[in-house]
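coordinates only, sequence not included:
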């Protein structure tokens with residue numbers, strides 16, 4: 001399965017506690033590197049979220065953002081300790097009766113007194129449960145997007161692999177004629193130089209020439225690597241790293257083919273192969 005490392009997924013869920021939104025964005029990265037921006041009430045969920053990402057993703061820089069918009073009836077409320085407020089007020093009035101210039105005490109002054117006002121802590125249990133389910137749904141959507149994006153690249157790989165196979169076949173078919181032409185050229189140079197042609201000498205020169213220009217092994221390895229890329233693209237696991245390695249191997253063989261070239265047509269085919277390999281390598285960098 002071809003999976004891209006570039007993807008985005010967004011999911012929302014609503015409840016009595018409000019609206020919860022989860023967004024996950026991924027880009028290519030050598031390893032799996034998640035980062036989280038969660039509401040303070042959900043901080044305890046970060047480790048479970050990391051474990052879920054490790055199950056679903058192999059590579060990529062992952063940015064997770066979750067936002068909670070509380071409903072009106074779930075908004076923060078206050079609780080007043082009436083007994084404490086009365087006690088503070090009575091104490092203030094008592095002091096005012098003693099003072100020559102009493103100061104007025106307001107309701108805000110009383111509320112500021114420790115123990116008079118307290119914040120009612122909201123129960124985030126239902127919202128946290130919803131956050132877990134929402135995160136799992138968003139991750140599944142993200143994986144689906146990565147797969148769709150990756151599958152869009154399949155025609156690109158198939159087209160280039162087909163062209164590479166054709167180029168390798170053409171070079172292989174050219175080699176016997178190229179070697180024969182080289183032998184004829186060698187004989188022609190001997191004749192022009194007035195050198196008597198000795199069969200053993202010609203055979204030795206041809207063996208040396210054939211060794212220098214023998215690209216059979218390179219062509220065989222190119223075919224093998226192309227086949228390996230084709231098989232890897234059919235796999236279900238993460239294939240990005242393996243494909244990256246195969247691109248390096250393909251490029252190495254194409255370079256060797258170019259260096260051993262004894263004809264402009266072989267050189268041109270080697271250059272075309274390197275262009276195709278580089279095009280695939282650029283896409284492979286973004287695969288999981």
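Here it is on my side, so go on. Fair warning: this is a prediction, and the values are worked out from it, not measured in the lab. Numbers count the residues shown, from 1 in each chain.

hey, where'd the helices end up in the stretch 1-150 of the chain?
For the stretch 1-150 of the chain, the helices defined by DSSP state H, counting those that start in this stretch cover 46-56, 82-98, 107-111, 125-151.

Once you drop chain neighbours, what's closest to residue 31?
Nearest non-adjacent residue to residue 31, counting by Cβ to Cβ, 6 or more residues apart in numbering: residue 59, 6.2 Å away. In this view, the C-beta of every residue, glycine as well, is placed from N, C-alpha and C.

Just the pLDDT for residue 72.
With respect to pLDDT, residue 72 scores 57.

This structure: strands as residue ranges?
Counting by DSSP state E, the chain has strands at residues 7-15, 18-27, 32-37, 60-70, 77-80, 117-120.

Indicate which one of those strands is closest to residue 141.
Closest to residue 141 of those, according to Cβ to Cβ: strand 7-15, at 4.1 Å.

Show me the contact partners of stretch 276-285.
Applying Cβ atoms under 8 Å, 6 or more residues apart in numbering, the contact partners of stretch 276-285 are 28, 153, 156-157, 160, 163-164, 229, 240, 243-244, 247, 250-251, 254.

Lowest-scoring secondary structure element of the protein by mean pLDDT?
Least confident helix or strand, the chain: helix 199-213 with a mean of 61, by mean pLDDT, DSSP states H and E.

any chance of the strands of the chain in a markdown table, plus distance to residue 43 and mean neighbour count?
Conversion of the strands of the chain to a markdown table gives the following (distance: least, Cβ to Cβ, whole Å; neighbours: other Cβ atoms under 10 Å):
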| stretch | distance to residue 43 | mean neighbour count |
| --- | --- | --- |
| strand 7-15 | 19 | 16 |
| strand 18-27 | 15 | 20 |
| strand 32-37 | 9 | 14 |
| strand 60-70 | 11 | 19 |
| strand 77-80 | 22 | 10 |
| strand 117-120 | 19 | 11 |
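
Output these in CSV; the columns should cover distance to residue 178.
Output for the strands of the chain, formatted as CSV (distance: least, Cβ to Cβ, whole Å):
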stretch, distance to residue 178
strand 7-15, 48
strand 18-27, 47
strand 32-37, 49
strand 60-70, 47
strand 77-80, 88
strand 117-120, 86
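
How many residues are close by the residue nearest to residue 31?
The local packing of residue 59 (other Cβ atoms under 10 Å) involves 19 other residues.

What of residue 165?
For residue 165, using other Cβ under 10 Å, the count is 15.

what's the closest non-adjacent residue to it?
residue 226 (5.8 Å).

Please apply the same query to residue 50.
Using Cβ to Cβ, 6+ apart, the closest residue to residue 50 is residue 34 (5.9 Å).

And the strands of the chain, which one averages the lowest pLDDT?
Across the strands of the chain, the lowest-scoring stretch is strand 117-120, with a mean of 65.

related to what we said a few turns ago, winner for burial among the helices of the stretch 1-150 of the chain?
Comparing the helices of the stretch 1-150 of the chain by mean neighbour count (mean count of other Cβ atoms under 10 Å), helix 125-151 ranks first with a mean of 17.
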